[in-house]
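*Asks:* next one to model:
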Amino acid sequence: MMRHVMKTLLGLTALMVAVMRPPLAQEPVTLPGEGEIWVNGRIVRDLQLAFNLVADGGIVRFGPGVFETAGILKRNGVLIHGTSQTVLQGTAADNKAAIVVQADDVTIENIACRKITVPDGNGSCVRHEGGDLTLRKIHFHDNESGLLAWDRAGTILIEDSRFERNGKRGQAHAIYVNGGKLIVRRTFILSSKDQGHGIKSRAEETLIEKSVIASLLGDDSRLIDISDGGIVRIRENLLIEGPNSVNWQFIAFGVENAQRFATNQLSVVGNMVITDRPGGSEFILVGDTMPTPIVRGNMVVGNPKYDWPANNFFFESREELGLPSAPALPDWNPANP
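*Replies:* Residues are numbered from 1 along each chain as shown. From the prediction side, this is the model:
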């Protein structure tokens, strides 16, 4: 009898859970076609309309094609997903970005974006004015800025992505984050231009790992600029300063607002560092009030100026390691450097 009662109760509990569980976001029966955007079972061609229609936790799907449309997203938990042939081009919402995120827990995947310019010179593929944000398998190129994020962001995660030829007048950069936590993983940041940094981070915590940041022939500034300090880990990356780099430092740490964070620590471990700059380079510029960084296990090629020689490995030139001549990238797998 008791076993029968328990079985009945378990069955009722399962039924109640099934009834109370929120419905999953509706998926399209067929994927959107050329130039189409799918949301809530509808096909639209305007991104702002799609963002107006999507619910919290919903999905906005792009078909293939070049989309000259932009929008401001205010719904939380949204997935924005494209195809290998989805390109956002040349249009900015509110004179800011192709996608302005004013929401939390947003993911953008599998989308390319190019030629975003605005009057103030900070045109971005994504302008983040919300909480947590994930960018995965995106390709942001030939813009003033790739990603620009505000000082109240949560965790910004960038994975398996590519940023190329972004920058403007030393004020717009491939990635510029003003707060929160930044994680960059398995990502290529190449040929930043017009004195733009590869990564400029004012986040309280910054992790850059298993990625490639290289000037190639770009007239970039620093590869990594950690303006205000914080807790920073730079590990297992390929870092190359090119012959046309305007700034001679690879990395800067806490050289602007050194009083912003209570805890400051820089760790640079297990990277390959190459300078192709004929005028010379400096590996790391550390602000006067910042602690001595942890720098070990790095392969340093080309003899940049260097203050932490112990536990690192030094090579005169690319040729000594059998690497291709500048500005070519060495064969480097970010997932397994």
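
*Asks:* going by C-alpha atoms from here, please, whenever you check contacts or count neighbours.
*Replies:* Fine.

*Asks:* what pLDDT does the residue positioned nearest the centre of the chain get?
*Replies:* Closest to where the C-alpha atoms of the chain average out (Cα atoms, centre = their mean) is Ile158, at 4.1 Å. Per-residue pLDDT puts Ile158 at 98.

*Asks:* summarise which helices and strands the helix or strand containing it is packed against.
*Replies:* Here Ile158, judged by DSSP states H and E, is contained in strand 155-159. When contacts are defined as 3 or more Cα pairs under 8 Å, 6 or more residues apart in numbering; DSSP states H and E, strand 155-159 packs onto strand 133-136, strand 181-185.

*Asks:* which one of these lies nearest to Gln102?
*Replies:* The minimum distance between Gln102 and the helices and strands packed on strand 155-159 falls on strand 133-136, with 10.3 Å, by Cα to Cα.

*Asks:* ok, and what's touching the next helix-or-strand element following the closest one?
*Replies:* Downstream of strand 133-136, the next assigned helix or strand under DSSP H and E is strand 139-141. Residues from elsewhere that reach strand 139-141, judged by Cα atoms under 8 Å, 6 or more residues apart in numbering: 110-115, 125, 146, 161-166.

*Asks:* export the helices and strands packed on strand 155-159 to JSON lines and tack on distance to Gly254 and mean neighbour count?
*Replies:* Converted to JSON lines, these look like this (distance: least, Cα to Cα, whole Å; neighbours: other Cα atoms under 10 Å):
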{"stretch": "strand 133-136", "distance to Gly254": "25", "mean neighbour count": "20"}
{"stretch": "strand 181-185", "distance to Gly254": "16", "mean neighbour count": "22"}
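
*Asks:* among those strands, which is nearest Ala214?
*Replies:* strand 181-185 (14.6 Å).

*Asks:* which helix or strand lies directly C-terminal to that closest one?
*Replies:* Remark: after strand 181-185, the chain's next helix or strand is strand 188-190, criterion DSSP H and E.

*Asks:* from the rest of the structure, what touches that next one?
*Replies:* Residues contacting strand 188-190 (Cα under 8 Å, 6+ apart): 160-165, 174, 198, 211-216.

*Asks:* now, these that are in strands?
*Replies:* The members of those that map onto strands under DSSP state E are 162-164, 212-214.

*Asks:* pull the CA atoms of stretch 128-142 into CSV?
*Replies:* Extracted as CSV, the C-alpha positions of stretch 128-142 are listed here (Å, rounded to 0.1, in the frame of the first residue of the first chain):
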residue,chain,number,x,y,z
HIS,A,128,27.8,46.5,-24.3
GLU,A,129,25.8,48.4,-21.7
GLY,A,130,24.5,45.4,-19.8
GLY,A,131,25.6,42.6,-17.4
ASP,A,132,27.1,39.3,-18.6
LEU,A,133,28.0,38.9,-22.3
THR,A,134,29.4,36.0,-24.3
LEU,A,135,30.9,36.4,-27.8
ARG,A,136,31.6,33.1,-29.5
LYS,A,137,32.9,32.4,-33.0
ILE,A,138,32.5,36.0,-34.1
HIS,A,139,34.6,37.9,-36.7
PHE,A,140,34.8,41.6,-36.2
HIS,A,141,36.9,43.4,-38.8
ASP,A,142,37.6,46.8,-40.4
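
*Asks:* and it, how far out from the chain's middle?
*Replies:* Distance of stretch 128-142 from its chain centroid, counting by Cα atoms, centre = their mean, to the nearest Å, is 6 Å.

*Asks:* need the contact list for Pro330.
*Replies:* With contact set as Cα under 8 Å, 6+ apart, Pro330 has these partners: 323-324.

*Asks:* scratch that, Trp248
*Replies:* 221-222, 277, 280-282.

*Asks:* mind putting the residues you listed into a markdown table with neighbour count?
*Replies:* Conversion of these to a markdown table gives the following (neighbours: other Cα atoms under 10 Å):
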| residue | neighbour count |
| --- | --- |
| Ser221 | 28 |
| Arg222 | 25 |
| Arg277 | 20 |
| Gly280 | 16 |
| Ser281 | 22 |
| Glu282 | 18 |
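
*Asks:* which ones among these map onto helices?
*Replies:* The helices, defined by DSSP state H, take in nothing from the contacts of Trp248.

*Asks:* give me the subset of the residues you listed that lies in strands.
*Replies:* Residues of the contacts of Trp248 located in strands (DSSP E): Glu282.

*Asks:* low-confidence regions, the stretch 1-150 of the chain specifically.
*Replies:* 1-30 (pLDDT under 70).

*Asks:* could you redo the last one with a cut-off of 90?
*Replies:* 1-31 (pLDDT under 90).

*Asks:* now the helices: where do they sit in it?
*Replies:* Using DSSP state H, counting those that start in this stretch, the helices assigned to the stretch 1-150 of the chain run over residues 2-20, 47-53.
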